[in-house]
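A.B. asks: 3D, please:
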Amino acid sequence: MFPAGKCIRTAKAVQSRTPSMQRAISILRVSTKKQLSSGDGIENQRLGNNEYIRRRGYRLLDEVVIAETADDKERRDFEAALNSIVARKREVDLVVFWKMDRVSRAGVGTYYALKAYLAKHGVRIEFATEQIDATPAGELMESMLAATARFENRLRVDRTIGVERILTREGYWCRAAPTGFVNGRTDAGKPILLPHPDPRQWELLRYGLMRQLTGAYKVRQVADELREQGLITRSGNPLTRQTWTKICRAPVYGGMLCGPWTDYQFVRAKFDGPLTPDEWRRLQEVLDGRNTVARRLPRQASRPEFPLRRFLRCPKCRTPARGYHAVKKNDRRYSYYDCRNRACEFRIPAAEAHRMFVDLLRDVTPSPELLALFREVVLEVWESEHRELLAKSIDVNKTAGRFREEKQALIGLMKANADNPSLVAELRADYERVERALALATLARDTAEMEEYEAEAVVNHCVYFLERAGELWQEWPVDLQNRLQLMVFPRGVGFDVLEGLSNPDLSLVHAVFADSARMAAPSCRVTNRVIAELIGWYKILASIMPVPLIA
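C.D. replies: Sure, this is the predicted structure:
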């Protein structure tokens, strides 16, 4: 902002007018709005500066008030005020501040650079409460006051950061709200995040994250769709792909905090995000390609004319089939699937392969009677599992609650005995022990807690899908066709399966219907793994399919 360097004193005075003829500008500056009416506020500074100017016999030419918070806007206003003084340098002899820390708290170098900038234009600086002369002792005092202002500012910053670090480790948010949130307070006055006041923005944010979680869409596709639907960033600008990538990677959107203030450990926030912690962790697996379902998707761009490419397998060598167009002599294009290994001599028209695949989907569709029985059994097993997990979750929550109370008590003791370093060190060791125990208890709680999904909604979506898989495959776009194929046949299908020569490898849900004689509780094959598979289906179907109407 100002040229670097230290003020160089010369024998020539900055101004040659007598004191009674010298004209001064009074600058009143505060860093927070709270200081407007308290402490070294504007009114106190005005009284002190005016008295100093009167006592020294100067003439008050003008008064400048800078009363914003300490941000870029305040620095721009301060710079504009100094530039205005330089522009009037022929009529200004000096600038009066209340104290040296009203000029700068950045240290000796910055202070002298600013002083040299004004002196170059014939304007000097004086302070109403600090008398500094041109003697060696005065120069020493000037440097000490500038360094003290810097030291006090650093102490203030360190105290603020220390409090924010403690609050962050407890799950509170001490920064500006990210996209989709606004800053808020708990009943106790502690800082948290609240959903955006516009419900549409919060719904779009959750919709996009759930869509990304399916693994069927690229980051670019979801970001473009959200931008078209009106999702904006915290600064009010349209959503960009880079911003959407950062949102998907930020733990706060999973209701967690992680960063240098938490020693890069995940801490459960005192507020909820658009995703649950488990959903956010699965999203990271999808983005990293570690999710098994996402890894099965073709890495190349999907082509609408070849939905079975890399899914259909050669009946001889089991290599994934490729899709291509052949142009005949009549210039007409014909679509085929074939094996890249020519020795297999496998090739089939795409239209015929699609017809055979639809027939296979219909063959594995359970009958209405089996679906009705399946629905009844799943709801019964779901209720039993929910009761068991709920009881375990209550026990773990009690343990975590005891550790949390002990942690709060230790924090209070450390604050109360801050003047006893040895006792604080012992309390700090206890605090770290309790914090580790609490982290383990919280992890156990998260493991024990069952995700809150409405059983009826999950079962309705999945039964609707089971009944209409063949029709949905023909109606959906290619990216959703790929997703449907993997939901029903997780390992793909060989052409021999389409021909009816081999049995397909079905999903866990379809495998339940393989032995309909056992479709009765408690001997039914509906297990925890099947329920987990149903929940996985529901997360995908709920983001791409309307709520089905099932009686």
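A.B. asks: and the gap between Arg165 and Lys415?
C.D. replies: Per C-beta to C-beta, to the nearest Å, Arg165 is found 14 Å from Lys415. From N, CA and C alone the C-beta is placed, and that goes for glycine too.
A.B. asks: Those two: which is more packed in?
C.D. replies: Arg165 (15 against 11; other C-beta atoms under 10 Å).
A.B. asks: would that one count as being in a strand?
C.D. replies: No - Arg165 is assigned helix when assessed by DSSP: H, G, I helix; E, B strand; the rest coil, not a strand.
A.B. asks: any idea what sits nearest it, other than its immediate chain neighbours?
C.D. replies: Spatial nearest neighbour of Arg165, excluding adjacent residues (C-beta to C-beta, 6 or more residues apart in numbering): Trp261 at 4.6 Å.
A.B. asks: Same question for Pro349.
C.D. replies: Using C-beta to C-beta, 6+ apart and skipping the chain neighbours, the partner closest in space to Pro349 is Tyr336 (5.8 Å).
A.B. asks: What backbone torsions are found at Gly323?
C.D. replies: Dihedral pair for Gly323: phi -120, psi 140, per degrees, to the nearest 10.
A.B. asks: Give me the neighbour count for it.
C.D. replies: When neighbours are defined as other C-beta under 10 Å, Gly323 has 18 of them.
A.B. asks: and it, what does it touch?
C.D. replies: Residues near Gly323 by C-beta atoms under 8 Å, 6 or more residues apart in numbering: Arg303, Glu305, Phe306, Leu308, Arg309, Ser335, Tyr336, Tyr337, Ala350.
A.B. asks: swap in Tyr337?
C.D. replies: By C-beta under 8 Å, 6+ apart, the contact list for Tyr337 reads Phe306, Leu308, Arg309, Leu312, Ala321, Arg322, Gly323, Arg347, Ile348, Ala350, Ala353.
A.B. asks: what about the nearest residue to Ser543 once chain neighbours are set aside, helix or strand, and which?
C.D. replies: Excluding the flanking residues, the one nearest Ser543 by C-beta to C-beta, 6+ apart is Met210, at 4.7 Å. Element membership of Met210 [criterion: DSSP states H and E] is helix 199-213.
A.B. asks: Same question for Asp278.
C.D. replies: For Asp278, the host element (DSSP H and E) is helix 277-288.
A.B. asks: can you check Asn183 too?
C.D. replies: In this structure, Asn183 is located in strand 181-185 according to DSSP H and E.
A.B. asks: the inter-axis angle of that strand versus helix 199-213?
C.D. replies: Calculated by axes from the mean of the first three to the mean of the last three C-alpha atoms, to 10 degrees, strand 181-185 forms an angle of 120 degrees with helix 199-213.
A.B. asks: The stretch 251-400 of the chain: helices as residue ranges?
C.D. replies: Assigned by DSSP state H, counting those that start in this stretch, the helices in the stretch 251-400 of the chain fall at 277-288, 292-296, 350-363, 368-416.
A.B. asks: Next, format those as a markdown table and append distance to Tyr431 and mean pLDDT.
C.D. replies: Output for the helices of the stretch 251-400 of the chain, formatted as a markdown table (distance: least, C-beta to C-beta, whole Å; pLDDT from 0 to 100):
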| stretch | distance to Tyr431 | mean pLDDT |
| --- | --- | --- |
| helix 277-288 | 24 | 89 |
| helix 292-296 | 40 | 46 |
| helix 350-363 | 59 | 94 |
| helix 368-416 | 5 | 76 |
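A.B. asks: Lys270 is nearest to which of the ones you listed?
C.D. replies: Of all the helices of the stretch 251-400 of the chain, helix 368-416 sits nearest to Lys270, with 11.5 Å by C-beta to C-beta.
A.B. asks: how about the residue nearest to Pro349, what does it touch?
C.D. replies: Contacts for Tyr336 (C-beta under 8 Å, 6+ apart) come out as Gly323, Tyr324, His325, Ala326, Arg347, Ile348, Pro349, Ala350.
A.B. asks: Give me the buried subset of those residues.
C.D. replies: Buried members of those, counted by 16 or more other C-beta atoms under 10 Å: Gly323, Tyr324, Ile348, Ala350.
A.B. asks: The second one pairs with what?
C.D. replies: Spelled out, it's Tyr324. Counting by DSSP bridges, Tyr324 is bridged to Tyr336.
A.B. asks: I figured it was touching Asp338, is that so?
C.D. replies: Yes - counting by C-beta atoms under 8 Å, Tyr324 touches Asp338, with 7.1 Å between them.
A.B. asks: quick one on the thing from earlier: and of the helices of the stretch 251-400 of the chain, who's closest to Leu541?
C.D. replies: Closest among the helices of the stretch 251-400 of the chain, using C-beta to C-beta: helix 292-296, at 13.4 Å.
A.B. asks: Tell me where the protein has strands.
C.D. replies: 23-29, 59-66, 94-97, 124-127, 181-185, 191-195, 256-257, 267-268, 312-313, 322-327, 333-338, 347-349, 493-494 (DSSP state E).
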